[in-house]
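Novice: Show me the folded form of this:
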Amino acid sequence: VETGEAVGIIAAQSIGEPGPQHTMRTFHTGGIGSREILESEVRSGQAGKIEVRDANAVPTFDEEGHTVYVALKRSGEIAVLDAKGRELEKYKIPYGAFIYAKPGEEVKKGQQIAKWDPHRVPILAEKDGVVRYVDIEIGETVREEDAGEGKKAFVVIEHKGEKHPQITIVDAHGNILDFHYLPSKARIEVPEGYQIKAGQMLARQPRQAAGSQDIVGGLPRVTEIFEARKPKEPAVMAEISGRVEIHSDKRKGKMTIRVVSDAGIEKDHHVPQDRHLLVHTGDYVQAGDALIEGPLVPHDILRIKGEESLWTYMLDEVQNVYRAQGVVINDKHIEIIVAQMLRKVRVESPGDTDLLPHDVVDKFEFRRRNAQINDMVRITEIGSTDFKVDEMVTKAAVREANAKAEAAGKEGAKAKKARPATGRTLLLGVTKASLQSESFLSGASFQETTKVLTEAALRGAVDDLVGLKENVLLGHLIPAGTGFKPYLAIRVKPLVAIPASHAGDDNEMLADAVRAAEALGADRNEALGVPRVEIPGGALDGHGAPQPQR
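Specialist: Just a heads-up that it's a prediction; the model follows:
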């Protein structure tokens, strides 16, 4: 972009312009509801050797009775390798997928490698044993449904209370080998006392249907992202990386997912019992992984995974809405808005700066304050110098004072490095970010005018008029385009001297003008009979320019 270009306004227009098309449904899809086609299989794009990674695949039977492998982990992957063991392709394999290619098997291009049911999420046994029901009571935690062919099936209902419906797998001595909490709407597929093998289905849950996506449906999602709102029924994210343990909570309607890190640090996450778990006891999770189904909370992503992950998440979420309708928006426009949302920092420790704890400051101001003390030290012992204890001085000043003291045979001062301020980046919705603007005129022109002006008056705020809005309000030249400050300071100077011939031309023109004026005046005076008046001392030089009388 050019210096002085109003990138913020262009970004807002780029994102806002497709909005009316969304609302008025004037896309080429013209108000037609669209439905996502769900993926349900993986076919090899290249010929090569199969490698199954981190899928915990166990042998079982598919619907046709063929022996296949089933993935018992959510983080599973299948890679296709060439003859030298180099990776050609990699595919993510969902939990419960049937894997048709054995590890190490050679596959052809286009061959089916894996397949899964896109409409239901299975809950699978991870150990061989006998099925036992826990807290499965008709009318209280489950209801009976007709499963066809004269069979009955139990479906878990939404319930409040102390009971947590679950299926446990026990050995011959009654020891629990494996257990699974059942979310609401899960249909139990095995009777109590059934002898089960690892990889067989215990229950299944309907997958959350994407539903018919209306064109207007995307805009509230964009607003939700830019306002940084907390979504309904959000996912709980792992605070630390480690192994998962699932415990029943004594408190009403809650389960505890405990994550134990490699260093032995434990972190408990409390989740509602009727939500579908994405992890199982013994799984390894990374910090920031979702533990239960649901949309992610942007504030949690920032807190746990950091700014970069939040950038990626917000960019993808906004682009997905527009891409679904075939609208192309350059990433830079969304990035400009996200940058404004992440512009504030809450001071956690002021260090040796003059910031206050819990103060909310602009990121650039925060960096500037830290840069100011970068070359400074705090005096701990004054020695024979004129410094004071705890005084902040530059390193050069200390070196100079110590050199003088040592030259006089005295003791120099001792100092320690200045501590920079530390802070945490805040995520503000666009509305709040606008009100938190450095300029109170800009904030007042947007929303909550009285409040913004009152707070500015109490603070004794000064507006330096650096932005667009405040200058428009006061009728000043706006600092954008040719009105940009560095452009206004430009002074044009000739790179070469103006040739003397040009100066002569100017004098010639002036002399011609004087002569023409005099001739006109003389003609007029003669016509009127007025005597001619001589200009005292007036004479012309060789070029006709008037010369003072000597």
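
Novice: what residue is smack in the middle of the chain?
Specialist: With distances taken as CA atoms, centre = their mean, Trp311 lies nearest the centre of the chain, 2.6 Å away.

Novice: three-state assignment of that residue?
Specialist: With DSSP: H, G, I helix; E, B strand; the rest coil as the basis, Trp311 sits in helix.

Novice: wait, it sits on Ile337?
Specialist: No: between Trp311 and Ile337 there is no contact under CB atoms under 8 Å: 11.3 Å. C-beta: built from backbone N, CA, C; applies to glycine.

Novice: if we can go back for a sec, now the residue nearest to the centre of the chain: how far from Val338?
Specialist: 6 Å (CB to CB, to the nearest Å).

Novice: And for Lys493?
Specialist: Lys493 is 42 Å from Val338, by CB to CB.

Novice: got it, and Glu239?
Specialist: Relative to Val338, and taking CB to CB, Glu239 is found at 24 Å.

Novice: And Glu348, by the same measure?
Specialist: Counting by CB to CB, the gap from Glu348 to Val338 is 22 Å.

Novice: more neighbours, the two?
Specialist: Val338 (23 against 12; other CB atoms under 10 Å).

Novice: just checking, Gly242 touches Val260?
Specialist: Yes: the pair Gly242 and Val260 passes the contact test of CB under 8 Å, sitting 4.9 Å apart.

Novice: neighbour count winner among those two?
Specialist: Gly242 (22 against 14).

Novice: check contacts around that one.
Specialist: For Gly242, the contact set (CB atoms under 8 Å, 6 or more residues apart in numbering) comprises Val259, Val260, Ser261, Asp262, Ile265, Lys267, Tyr284, Val285.

Novice: Equivalent analysis for Arg243, please.
Specialist: Contacts of Arg243 (CB under 8 Å, 6+ apart): Val259, Val260, Gly282, Asp283, Tyr284.

Novice: pLDDT of the helix or strand hosting it, averaged?
Specialist: Using DSSP states H and E, Arg243 maps to strand 242-248. Across strand 242-248, the average pLDDT comes to 83.

Novice: Then stretch 491-510?
Specialist: So the average pLDDT for stretch 491-510 ends up being 71.

Novice: Give me the buried subset of the contacts of Arg243.
Specialist: Val259, Asp283 (16 or more other CB atoms under 10 Å).

Novice: Just the contacts of Arg243: which are in strands?
Specialist: Mapping the contacts of Arg243 onto strands (DSSP state E) picks out Val259, Val260, Tyr284.

Novice: would you turn the residues you listed into a markdown table with pLDDT?
Specialist: As requested, the ones in strands among the contacts of Arg243 are exported to a markdown table (pLDDT from 0 to 100):
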| residue | pLDDT |
| --- | --- |
| Val259 | 91 |
| Val260 | 91 |
| Tyr284 | 83 |
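
Novice: any chance of the residues you listed in JSON lines, with distance to Leu219 too?
Specialist: JSON lines is the format used below for the ones in strands among the contacts of Arg243 (distance: CB to CB, whole Å):
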{"residue": "Val259", "distance to Leu219": "37"}
{"residue": "Val260", "distance to Leu219": "43"}
{"residue": "Tyr284", "distance to Leu219": "39"}
